[in-house]
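Visitor: 3D, please:
(chains A, B, C and D)
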Protein chains: 2
Amino acid sequence: MQINPLALDEQLCFPLYSSEKTVVAAYRPLLAPLGLTYPQYLVMLALWEQDGQPVSTLGRRLGLDSGTLSPLLKRLEASGRIQRHRGTADERVVTVQLTSEGAALREDAVGIPARLFAQLGLEAAEAVELRRLLAKICSTGQATPARTDNPKDPS
Amino acid sequence: MQINPLALDEQLCFPLYSSEKTVVAAYRPLLAPLGLTYPQYLVMLALWEQDGQPVSTLGRRLGLDSGTLSPLLKRLEASGRIQRHRGTADERVVTVQLTSEGAALREDAVGIPARLFAQLGLEAAEAVELRRLLAKICSTGQATPARTDNPKDPS
DNA sequence: CACAATTTAGTTGTGGGCAACTCATCTAAC
DNA sequence: GTTAGATGAGTTGCCCACAACTAAATTGTG
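Guide: You can find the predicted model right below:
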């Protein structure tokens, strides 16, 4: 049927790109009252799951490198949601701790996923299948933030 | 099973966010030889489908506003892929035209979607279903770049 | 112990992406 | 014809995201 391999709508990439923006846009008005952007919200989710993570662990969990995380964490710290402490055992690692305010913010956020899901208009089964397919994509191109500097490529 | 409504992996948003980044990262090495970034590639796809579109049409097609498109198009023009011409009938509209170099670039790009799809490791039927679900998401939160300034909200 | 290789955060530079604005032009209503 | 409102493109400011780099600390090896 489709004769143009470069047609925007016939590929996966554009719908993926586009729906990601749609979902982030849907989050925006829900997160604005909390004073969070969407990536900041993801960091908070990771910290609500497990407080006191090092920056490196957080980066692997979210697929973000230090060039993204460092300034983002600085903003979260400036707005009083987290604190950063340089480790004593290993002085390279910086541990990210929720402040009491940051921990309390969880209560304001707990209703957001359900509200958002309702907006998407997907059946529960569809959501399960969608999550499975997206996870499959992530697993292929390893989710790791991709060591970019060349660590002696063993070729 | 799941008791934490804020768990990163149990929602749709994080897999969506994460797989979008994975796919863009997979495109990067394929697009680098063409001298294109992923958003620039999307603009080229739109122009290869239909040359000579006004900036506004391009923006609606891709879901991007002028704040994103204007500098992006300026870079594409600087690298010789497109030209911009201000309209004569309506002097507000700027029409984007492929240069011969930009049109020729299509030949270099035509094999990319297949190469990328192979990397994703999805069955053909899975890809069809995934595209359907993503399109459903896009349709809910209107794909329009969302007029942000308030044009006399008729409330 | 000495020293190379690795790891951790951070910084800089470039390119999206959106909000909010400006400016010019066009259209509609009068 | 004037003028109010709408529209198209652009700019500014802020935030994310990645590449490439730096500096400091740690680990491993001889």
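Visitor: Please put the alpha-carbon coordinates of stretch A:118-134 into CSV.
Guide: The C-alpha coordinates for stretch A:118-134 follow below in CSV (Å, rounded to 0.1, in the frame of the first residue of the first chain):
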residue,chain,number,x,y,z
ALA,A,118,-7.7,9.0,32.0
GLN,A,119,-6.8,11.7,29.5
LEU,A,120,-5.1,9.3,27.2
GLY,A,121,-8.2,7.4,26.6
LEU,A,122,-6.6,4.0,26.4
GLU,A,123,-8.2,0.7,27.5
ALA,A,124,-6.3,-0.9,30.3
ALA,A,125,-5.3,-3.8,28.1
GLU,A,126,-4.0,-1.4,25.5
ALA,A,127,-1.9,0.3,28.1
VAL,A,128,-0.4,-3.0,29.1
GLU,A,129,0.4,-3.9,25.5
LEU,A,130,1.8,-0.4,24.8
ARG,A,131,4.1,-0.6,27.8
ARG,A,132,5.3,-4.0,26.7
LEU,A,133,6.2,-2.7,23.2
LEU,A,134,7.9,0.4,24.5
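Visitor: What's the mean pLDDT across it?
Guide: Computed over stretch A:118-134, the mean pLDDT rounds to 94.
Visitor: Check stretch A:87-102 too.
Guide: Mean predicted lDDT for stretch A:87-102 stands at 95.
Visitor: close to chain B, is that stretch?
Guide: No - applying C-beta under 8 Å from any C-beta of the partner chain, one finds stretch A:87-102 separated from chain B by no less than 13.1 Å. Just so you know, the C-beta spots here come from the backbone N, C-alpha and C atoms, and that holds for glycine as well.
Visitor: In stretch A:10-29, which residues are buried?
Guide: By neighbour count with 16 or more other C-beta atoms under 10 Å in any protein chain shown, stretch A:10-29 contains the buried residues A:11-27.
Visitor: Looking at chain A, which helix is longest?
Guide: helix A:13-31 (DSSP state H).
Visitor: sec struct for A:Q97, please.
Guide: strand (DSSP: H, G, I helix; E, B strand; the rest coil).
Visitor: Next, the spatially closest residue to it that is not a sequence neighbour: secondary structure please.
Guide: Counting by C-beta to C-beta, 6 or more residues apart in numbering or on different chains, A:Q83 is the residue found nearest to A:Q97 once chain neighbours are left out, at 5.0 Å. On the three-state scheme (three-state DSSP), A:Q83 is labelled strand.
Visitor: isn't A:Q83 right up against A:T99?
Guide: Yes - counting by C-beta atoms under 8 Å, A:Q83 does reach A:T99; the two are 5.8 Å apart.
Visitor: ok so, going back, whether the longest helix of chain A contacts chain B - can you check?
Guide: Yes - using C-beta under 8 Å from any C-beta, helix A:13-31 reaches chain B at A:13-27.
Visitor: Could you name the helices and strands sitting against that helix?
Guide: Under the contact definition 3 or more C-beta pairs under 8 Å, 6 or more residues apart in numbering or on different chains; DSSP states H and E, helix A:13-31 sits against helix A:38-49, helix A:112-120, helix B:13-31, helix B:38-49, helix B:124-140.
Visitor: can you list contacts of it?
Guide: A:8-9, A:37-38, A:40-41, A:112, A:115-116, A:119-120, B:12-13, B:16-17, B:19-20, B:23-24, B:27, B:38, B:42, B:45, B:62-63, B:113, B:116, B:131, B:134-135, B:137-138, B:140-141, B:143, B:146 (C-beta atoms under 8 Å, 6 or more residues apart in numbering or on different chains).
Visitor: got any ranges where chain A has weak pLDDT?
Guide: A:1-2, A:141-155 (pLDDT under 70).
Visitor: Show me which residues of it sit near DNA strand C.
Guide: Neighbours of DNA strand C within chain A, by C-beta under 7 Å from any atom of the strand: A:17, A:21, A:25, A:28, A:54-56, A:59, A:66-67, A:69-71, A:73-74, A:84, A:90, A:92-95, A:151-152.
Visitor: Fine by me, we can end here.
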